[in-house]
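Enquirer: Here is my input, please return the structure:
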Amino acid sequence: MSAGGETASEAGSSQAVKAQLRLREMVLAGELPGGTRIAEVAISESLGVSRTPVRSALMRLEQEGLLEALPNGGYAVRTFSERDVADAIELRGTLEGLAARLAAERGAAPVVLREARACLKRIDELLREPALDDAAFSRYVEFNGQFHRLLSEMAGSPLIAQQLERATNLPFASPSAFVVVQANSPAARDMLVIAQDQHGQVLDAIENREGSRAEALMREHSRLAQRNLRETLHGAHNHPLPGVQLIRRRA
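Expert: Numbering: from 1, shown residues only. So this is what the prediction gives:
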């Protein structure tokens, strides 16, 4: 038992999570550019943790798609193309569409539907303001992520939930991946209002047992992320997302 009351196992798990979060941040912020080989010892010293949690973190980031395992051992930071990210977003939209259709056809649990409605109500309260500050955007990210997790739960399929979790862990494919870009855009609130309207419509479709409509709405919902990706890379008011250099292959 550690001084803080943690068992050795819990302390090790906590260190692994810390290492994973920090490494992910370093990759997405461009501190570890695409193609960089990860030096386990150097990372361990930099983060102030032992090599065991670093090794665990590297394995997890490979599963997320941020790193690639090298033939002779070790890992390197993957380089992503715009198409890679677009495909990841498309995959997430396809799976969420399937989840929404099954939720409508099978019938979602009333308690989950109530939680989703409460989540949307909290987002509505945020969007009543004419502009959103950093704190409000942070809450939006939290509530938006919660809504999408509840949508996955509504399908009642552990298999789909597992695949959705993997898809949303792909680089830039999570439902809130481009909120930072939206926060710096003059049309930020308008974009979030559109997304929120789609949230409400898909929940209505699920409650009304309209499977095809629910699926189509979630597929369309993912198109907003595709639009944000294009604007991030090619827009006139380009405010690059941290790590956006990773999705532009070197010439």
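Enquirer: In three-state terms, how would the most centrally placed residue in the chain be classified?
Expert: Within the chain, the residue whose C-alpha comes closest to the C-alpha centroid is residue 174; the distance, by CA atoms, centre = their mean, is 2.2 Å. Of the three states, residue 174 takes coil according to DSSP: H, G, I helix; E, B strand; the rest coil.
Enquirer: Give me the neighbour count for the closest residue to it other than its chain neighbours.
Expert: Distances taken as CB to CB, 6 or more residues apart in numbering place residue 168 nearest to residue 174, at 4.6 Å, with adjacent residues excluded. Every residue, glycine included, has its C-beta placed from N, CA and C. The local packing of residue 168 (other CB atoms under 10 Å) involves 23 other residues.
Enquirer: isn't residue 168 right up against residue 89?
Expert: No. Counting by CB atoms under 8 Å, residue 168 sits too far from residue 89 to count as a contact (9.9 Å).
Enquirer: Pull up the overlap in contacts between those two.
Expert: Between them, residue 168 and residue 89 have no joint contacts when contacts are counted by CB atoms under 8 Å, 6 or more residues apart in numbering.
Enquirer: can you tell me how far residue 46 sits from residue 219?
Expert: In this structure, residue 46 and residue 219 are 42 Å apart, going by CB to CB, to the nearest Å.
Enquirer: Could you pull out the helices in the stretch 101-250 of the chain for me?
Expert: Counting by DSSP state H, counting those that start in this stretch, the segments of the stretch 101-250 of the chain that form helices are 110-127, 134-154, 158-168, 179-183, 188-207, 211-234.
Enquirer: Nearest to residue 103, out of the ones you listed?
Expert: helix 134-154 (3.6 Å; CB to CB).
Enquirer: Work out the gap between the closest one and the centre of the chain.
Expert: Helix 134-154 has its average C-alpha position 10 Å from the chain's average C-alpha position, going by CA atoms, centre = their mean, to the nearest Å.
Enquirer: Quick one: list the elements packing against that helix.
Expert: For helix 134-154, the contact count by 3 or more CB pairs under 8 Å, 6 or more residues apart in numbering; DSSP states H and E identifies helix 82-106, helix 110-127, helix 158-168, helix 179-183, helix 188-207 as packing neighbours.
Enquirer: With distance to residue 20 and mean pLDDT as added columns, please give these in TSV.
Expert: Shown next, in TSV, are the helices and strands packed on helix 134-154 (distance: least, CB to CB, whole Å; pLDDT from 0 to 100):
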stretch	distance to residue 20	mean pLDDT
helix 82-106	19	91
helix 110-127	26	96
helix 158-168	15	89
helix 179-183	20	47
helix 188-207	28	91
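Enquirer: of these, which approaches residue 72 most closely?
Expert: Minimum separation from residue 72 across these (CB to CB) falls at helix 82-106, 24.4 Å.
Enquirer: Against residue 20, how distant is residue 44?
Expert: In this view, residue 44 and residue 20 are 13 Å apart by CB to CB.
Enquirer: meant to ask about residue 75, not that
Expert: 13 Å.
Enquirer: Give me the common contacts of the two.
Expert: Among the neighbours of residue 75, those also in contact with residue 20 (CB under 8 Å, 6+ apart) are residue 61.
Enquirer: higher neighbour count, the two?
Expert: Neighbours were tallied for residue 75 and for residue 20 using other CB under 10 Å; the higher tally belongs to residue 75 (22 against 19).
Enquirer: All good on my end, thank you.
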